[in-house]
Each structure stands twice: as structure tokens, then as C-alpha cells.
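Engineer: Below are the sequence and a predicted model for it; my questions follow.
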Amino acid sequence: MSHDLTLAELRGFIFDLDGTLYRGNTVLPGAAEFVAHLRRVGIPLLFLTNNATTPPQGVVDRLTQMGIPAGLDDVFTSAQATAATLAEEAPNCRIYVVGEVGLRDALRAAGLALTDDFREADTVVAGMDREVTYLKLRDAALAIRRGARFIATNTDRTLPTELGLIPGAGSLIGLLEIATDVPARVIGKPSAGIMALGLRRLGTPAGLTAAVGDRVETDIIGGQAAHMPTIAVLTGASTAEQFAAMRPPPDWVFEDMVALDRAYFGA
């Protein structure tokens, strides 16, 4: 373990969603029960997702329908983090978006201007886009080659579903990076920035707040970058062998949320 504390000493939890609490439209074993137990004893928690496609209310509705009641204050997305970052750093920018309604809504809600003309764009923001076209990717690449800053909401290469792993936002980001020879600046996990924003929302210290997730390259590395204890679960993208090979590895690895619930509450 990289932190000198026990599991029972944790006083806050930041949960990943896809592959951690649910897969596709299916809630994972023990997820609803563990969240309910934490709420019962007053432990603060936040649902922090790299998925930029769904607006926060949609995430709330999805969780609630799965038996995990949530409010808007409980949810923080990479789209919200991207919007907050750009609103602070470049409030007058003009953005060409490769992404869905969750990303567009977040950018507009932050007072940022969007454009469909790559010639007008000084910023390209890209995330998961399930209706992407070659023309949209072409124009994004042209804007970047003209000097537009290149921002990625996240770089998850795959997304766990009931059918298996499917292409994620990182697959589109990789295409644009190859097409432009420009690396994207990533706002979502594993950036320490999104974790810091999440901790600010939660109001708990990094050293006592666990980052819980299923993926080495985002959830666990992101938590470590923010100096948080990390908990890996084997219900999503990464395997026990991949977690064990990390240096340093996660602080704890559990088969699923059922095992984490039992370990934390001593059942």
C-alpha cells in the first residue's frame, strides 16, 4: 500500500461509473448496497465520470433507475470539468466540438461560444461522439492544424458494455492526434485537475478520500496523481494482473463492490 491508513479510516469516496457501479444499463453486484451503506453513516461520496456524453441530470436519472438515488450535486462529469477549465482559462474562446449533447450543454452552460465553422474555431474540444462523421473529424483536424488548442474530455480507449468493450472517446482522440501530429490536452481522468475539482466539490481531504474505479490508466493513475488512496475493482476494463503490475499498485483491489462493502463495513 502506498498510504499508511486502513480501509476503515477512509472518510470520502469518489466513484467511477462505467465498469465500477454499472456496465451498460446493468447495475453491478453490491453497488447500490455499498452506496446506501455509505449514505446511512454519512460518508460523503461523488460520482465522477469520464463519460462526457450524458448531461448530469441524465446521469442522476440513470443511477436512480438502477437503485442508486442521486442528486445533481452528487455528479461531476468530464464535460463539466472541461467547461469549468476553459471558462477560467479562455472565457472568450470559440469552440469546435466533436461530442454529444452532454458536452455541448456543459460548454454553453459555462458561457462559452460554440461554432460549426472550423475556420472560426480557436479551440477544438473532443470527446465521445456516437454520431461522428468523417467530415466532422476532418474539420476538427483542419482547425487544429490551423493552430486551435486541442482539448480532450477524456482518453478512455474503450467503454465496457453488456456486449463487451467498444470504442471509447480515446479512439477518436487518437485518430485526431494521428491526423494532426498534435497531442491533446486531457481534462478528464487521469488528470489530477479533474480529481482536484471533484475533491473541492466533496469537501474532503485527498489523503482520506478514495478514488474507486475499474481502469488502470484513468481511475487509478488519476487518483494517484491527486495523492488519493486508490481502490480497484475487477468488474470493468482492467484485470488483476494489470493492477498488480502497476508501480505503485492500487492501495486495495477487490473482486467487486460486494467485497469492498464487506471489507469497509467489516461484515
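Structural biologist: Thanks, I have it.
Engineer: where exactly do the strands run in the stretch 1-150 of the chain?
Structural biologist: For the stretch 1-150 of the chain, applying DSSP state E, counting those that start in this stretch gives strands covering 12-15, 22-23, 26-27, 45-49, 75-77, 94-98, 113-114, 123-126, 149-152.
Engineer: Likewise for the stretch 151-267 of the chain?
Structural biologist: 158-161, 164-167, 185-186, 209-213, 230-233, 252-254.
Engineer: now for the first one, which elements pack on it?
Structural biologist: Under the contact definition 3 or more CB pairs under 8 Å, 6 or more residues apart in numbering; DSSP states H and E, strand 158-161 sits against strand 164-167. C-beta here means a position set from N, CA and C on the backbone, and glycine is covered the same way.
Engineer: Which other helices and strands does the strand it packs on contact?
Structural biologist: Checking 3+ CB pairs under 8 Å, 6+ apart, strand 164-167 ends up next to strand 158-161.
Engineer: Can you pull the poorly scored residue ranges out of this structure?
Structural biologist: 1-3, 267 (pLDDT under 70).
Engineer: ranges for the helices of it?
Structural biologist: With DSSP state H as the criterion, the chain has helices at 31-40, 56-65, 78-89, 101-109, 134-145, 169-180, 192-202, 221-225, 240-244, 257-265.
Engineer: what's the spacing between Leu21 and Phe15?
Structural biologist: 6 Å (CB to CB, to the nearest Å).
Engineer: joint contacts of the two?
Structural biologist: Applying CB atoms under 8 Å, 6 or more residues apart in numbering, one finds that Leu21 and Phe15 are jointly contacted by 35, 47.
Engineer: So for the two, which sits in the more crowded spot?
Structural biologist: Leu21 (28 against 25; other CB atoms under 10 Å).
Engineer: quick one, what contacts the more buried one?
Structural biologist: Counting by CB under 8 Å, 6+ apart, Leu21 touches 15, 27-28, 31, 35, 47, 63, 66, 68, 257.
Engineer: could you flag which of those residues are buried?
Structural biologist: By neighbour count, with 16 or more other CB atoms under 10 Å, the contacts of Leu21 hold 15, 27-28, 31, 35, 47, 63, 66, 68, 257 as buried.
Engineer: okay, the residues you listed in CSV with distance to Thr123 next?
Structural biologist: Listed next are the buried ones among the contacts of Leu21 as CSV, based on distance: CB to CB, whole Å:
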residue, distance to Thr123
Phe15, 30
Val27, 37
Leu28, 36
Ala31, 36
Val35, 36
Phe47, 27
Leu63, 31
Met66, 35
Ile68, 35
Met257, 38
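Engineer: Pick out whichever of those residues sits closest to Ala126.
Structural biologist: Phe47 (22.9 Å; CB to CB).
Engineer: now do the same end-to-end measure for stretch 93-106.
Structural biologist: Its start and end residues considered, stretch 93-106 measures 15 Å (CA to CA, to the nearest Å).
Engineer: Centroid-nearest residue for this structure?
Structural biologist: Asn50 (2.1 Å; CA atoms, centre = their mean).
Engineer: residues touching it, list them.
Structural biologist: 16, 18, 77-78, 153-154, 156, 169, 188-189, 218.
Engineer: go with 6 Å
Structural biologist: 78, 154, 156, 188-189, 218 (CB atoms under 6 Å, 6 or more residues apart in numbering).
Engineer: Number of residues surrounding the residue nearest to Thr77 when sequence neighbours are not counted?
Structural biologist: Take Thr77 and drop its neighbours on the chain: the residue closest to it by CB to CB, 6 or more residues apart in numbering is Thr49, 5.4 Å away. When counting by other CB under 10 Å, one arrives at 28 neighbours for Thr49.
Engineer: how close does Thr49 get to Gln80?
Structural biologist: Here the criterion is CB to CB. By it, Thr49 lies 10 Å from Gln80.
Engineer: Alright, calling it a day.
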